[in-house]
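Enquirer: Quick one: sequence and predicted model below, then my questions.
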Amino acid sequence: MSKIAMFCLMLCCILLFVEPAEARKSSSGSSDVVSSVICNIVTQLSGPISQAIATLVIIITGYSFFVGKVSIGMLFIVAAGIMFVFGAQTIMGWILGQRAYECKGGSIVQGAQAK
């Protein structure tokens, strides 16, 4: 089999499975087991746990900077990482607009319902 024919065959197989019908079954306000578990994980990791970890990271990075073990570039990387962790839902809201999903009370709500 030539490389072009193999590529076309693989492309056709991929296109068949790009969007299964089951992926569209859940409505915007539904809350199945998997989404509830993931929503609870996101809620826990964006709450007091991540705030405590971020505080420790800032303290350790600041101390390392003053001792001379960390460059200024690493300080910016740490700051950007903390901003992305705490602003992940806001960033996804900007990207997806009204289609954005948000965790509220252990369940997932969509767009205008989230506010």
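Expert: In hand now; what should we look at?
Enquirer: contacts for the longest helix along the chain?
Expert: Looking across the chain with DSSP state H, the single longest helix is helix 48-67. The contact list for helix 48-67, computed with Cβ atoms under 8 Å, 6 or more residues apart in numbering, reads 70, 72, 74-75, 78, 82, 85-86. Every residue, glycine included, has its C-beta placed from N, CA and C.
Enquirer: and residue 103, what are its phi and psi?
Expert: The phi/psi pair for residue 103 (degrees, to the nearest 10) reads phi -80, psi 120.
Enquirer: pretty sure it contacts residue 39?
Expert: Yes - at 4.0 Å, residue 103 counts as touching residue 39 under the criterion of Cβ atoms under 8 Å.
Enquirer: And the residue nearest the centre of the protein?
Expert: Nearest to the geometric centre of the chain sits residue 88, at 6.1 Å (Cα atoms, centre = their mean).
Enquirer: That residue and residue 63: what is the separation?
Expert: 27 Å (Cβ to Cβ, to the nearest Å).
Enquirer: can you check residue 85 too?
Expert: 21 Å.
Enquirer: who's more crowded, these two?
Expert: Higher neighbour count among residue 85 and residue 63: residue 85, with 14 against 11, using other Cβ atoms under 10 Å.
Enquirer: Which of the helices or strands spans the more buried one?
Expert: Counting by DSSP states H and E, the element that carries residue 85 is helix 72-86.
Enquirer: Can you name the element that comes right after that helix?
Expert: Moving toward the C-terminus from helix 72-86, the next element (DSSP H and E) is helix 88-96.
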